[in-house]
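Asker: What would the 3D arrangement of this be:
(one chain, ligands or ions: 2)
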Amino acid sequence: MNKQERDAIYGLAKEWVLEAGSTIRERIYDPLTIDTKADANDLVTTMDKDTEYFFMTNIKNVYPDHSIIGEEGYGDDVATLDGTVWIIDPIDGTMNFVHQKRNFAISVGIYHDGVGEIGLIYDVMANNLYSAKRGEGAFKNEKELPALPQQKNFHESILGVNHFWLCENHLVNEKQMQDLVRTVRGTRSYGSAAIEFAFVAEGSLDGYMTMGLSAWDIAAGIVIVNEVGGVTTTSFGEPINLLKKSSVLTCNPAIQEQIVDGFLLKGRK
Ligand code: 2AM
Ligand code: CA
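Answerer: Ligands and ions are numbered 1, 2, ... in the order given. Modelled structure (predicted):
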């Protein structure tokens with residue numbers, strides 16, 4: 001994808017993200033119809049569906065040859081990342097949207113032949129737009145984000161951690177996780193993978209790790225974190241395959257090895 005094409009797609013994607021966010025803000029206290037998906041705590045509302053439908057119709061109208069992977073099922077049945085693929089989470093952090101009315105985001109990643117070209121994460125209630133185009137840096141609203149520091153004292157780091165690591169303990173033994181959370185300065189859990197990626201990009205979190213995420217949770221975040229020099233892998237330091245669910249570690253490169261080699265690989269089950 002050349003710069004001119006990327007700029008044109010970015011301009012439209014940004015316009016649609018801001019418009020969708022504004023609609024959600026206007027309707028934030030409207031009564032919600034809430035359904036569940038995989039389990040009783042996996043929520044979806046009409047707002048999730050309407051927002052994804054809004055993106056799908058706009059994209060297909062302007063770019064009928066682009067593919068869409070969306071959380072709520074309006075997208076295409078995508079088996080490869082060939083061509084231009086929009087990877088969309090209309091509301092990332094639906095539980096926050098339903099219960100807290102904040103800390104949820106619209107996440108749009110645009111890939112071309114498997115390469116992340118554009119990332120947009122819109123923290124709707126905070127009205128913060130995190131954005132990046134490949135090779136052109138990352139921005140929070142109009143301000144460019146600085147590159148992540150090359151040096152970071154691991155003991156002074158704050159990690160975003162999903163509680164499932166500690167409770168269900170699927171991949172790593174509990175002792176290693178306990179050691180890790182005691183070694184760093186603190187942990188946080190915001191409940192939206194997209195927002196946690198954005199926080200890593202802006203440096204307010206030094207890393208974020210979680211399990212079982214899908215492409216729409218992370219596609220935009222990967223592009224944005226990449227533009228400030230951060231790295232995103234599975235929790236064991238392997239490349240992520242966006243076509244499969246995956247564990248995720250995104251962080252400042254200064255602490256990546258310490259987390260993976262020092263804790264996660266040692267605790268691998
Ligand atoms: P969602 O709100 O779009 O479903 C919460 O820790 C983060 O994990 C959110 O980004 C949430 O995305 C994501 N997630 C993925 N699968 C989930 C599930 N089965 N239940 C709850 N959150 C899930
Ligand atoms: Ca999501």
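
Asker: Looking at Leu166 now. What's its pLDDT?
Answerer: At Leu166, the model reports a pLDDT of 55.

Asker: near ligand 1, which residues of the stretch 101-250 of the chain?
Answerer: Counting by CB under 6 Å from any ligand atom, the residues of the stretch 101-250 of the chain close to ligand 1 are 162, 191-193, 212-213, 217. The way it works is simple: take the backbone N, C-alpha and C, and place the C-beta from them, glycine included.

Asker: isn't there a helix covering Ile240?
Answerer: No: Ile240 sits outside any helix when classified using DSSP: H, G, I helix; E, B strand; the rest coil, being coil.

Asker: Number of residues surrounding it?
Answerer: 19 (other CB atoms under 10 Å).

Asker: Quick one: residues contacting Ser247.
Answerer: Listed by CB atoms under 8 Å, 6 or more residues apart in numbering, the contact set of Ser247 reads 171, 209-213, 234-236.

Asker: Mind giving me the ChimeraX command for buried ones among the residues you listed?
Answerer: To isolate the buried ones among these in ChimeraX, judged by 16 or more other CB atoms under 10 Å, type:
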select :171,209,210,211,213,234,235
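
Asker: okay if I get the contacts of Ser247 as CSV plus pLDDT and secondary structure?
Answerer: Shown next, in CSV, are the contacts of Ser247 (pLDDT from 0 to 100; DSSP: H, G, I helix; E, B strand; the rest coil):
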residue, pLDDT, secondary structure
Leu171, 76, coil
Met209, 94, strand
Thr210, 92, strand
Met211, 88, strand
Gly212, 87, strand
Leu213, 93, strand
Thr234, 94, coil
Ser235, 91, coil
Phe236, 92, coil
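
Asker: Now flag whichever of the contacts of Ser247 is closest to Ile9.
Answerer: Ile9 lies nearest to Leu213 out of these, by CB to CB, at 24.1 Å.

Asker: Count the neighbours of the residue of the stretch 151-269 of the chain found nearest ligand 2 for me.
Answerer: Nearest residue of the stretch 151-269 of the chain to ligand 2: Asp217, at 4.2 Å (CB to the ion). The number of residues packed near Asp217 is 25, by other CB under 10 Å.

Asker: coming back round to it: show me the residues of the stretch 101-250 of the chain next to ligand 1 that map onto helices.
Answerer: 193, 217 (DSSP state H).
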